[in-house]
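1. coords below, sequence missing:
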């Protein structure tokens, strides 16, 4: 459980713990994913909101059924840690998966590095 200062206390859809003891959690809020970086005490260090709606110029790739088998259930998110960044995988519906690479910097929070929509 965590308390977002701009929202209620809730159970995150997904959470990962980093080597330094900090955690990243993500929760779906309708079409928006709230991603928070928390310290060991649960204090918010950084926050980003990712809208899952298509954006102009977004990279869209057509994929086979493998992408839908390896992604989370529709309407949920998964996080994966990769060195200094986090990969957010959001299954929007049965045919759309959004993959975002986010970099975290202390004092600056998360920054979107890459956003790709995978369509079946």
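-> Arrived safely, thanks for sending. Source: prediction; values computed, not measured. Numbers count the residues shown, from 1 in each chain.

2. just list the residues touching the residue positioned nearest the centre of the chain, thanks.
-> For the chain, the residue sitting closest to the mean C-alpha position, by C-alpha atoms, centre = their mean, is residue 88 at 3.5 Å. Residues counted as contacts of residue 88 (C-beta atoms under 8 Å, 6 or more residues apart in numbering) are 26, 33, 35, 50, 77, 78, 79, 98, 99, 100, 101, 102. All C-beta spots, glycine's among them, are computed from the backbone N, C-alpha and C.

3. so the second one makes contact with residue 77?
-> Yes - contact status for residue 33 versus residue 77: in contact at 5.3 Å, counting by C-beta atoms under 8 Å.

4. mind listing the shared neighbours of the two?
-> Applying C-beta under 8 Å, 6+ apart, one finds that residue 33 and residue 77 are jointly contacted by 26, 27, 88, 90.

5. show me where the chain has helices.
-> Assigned helices in the chain, in chain order: 65-70 (criterion: DSSP state H).

6. point out where it drops to low pLDDT.
-> For the chain, the stretches flagged by pLDDT under 70 are 1-10, 64-71.
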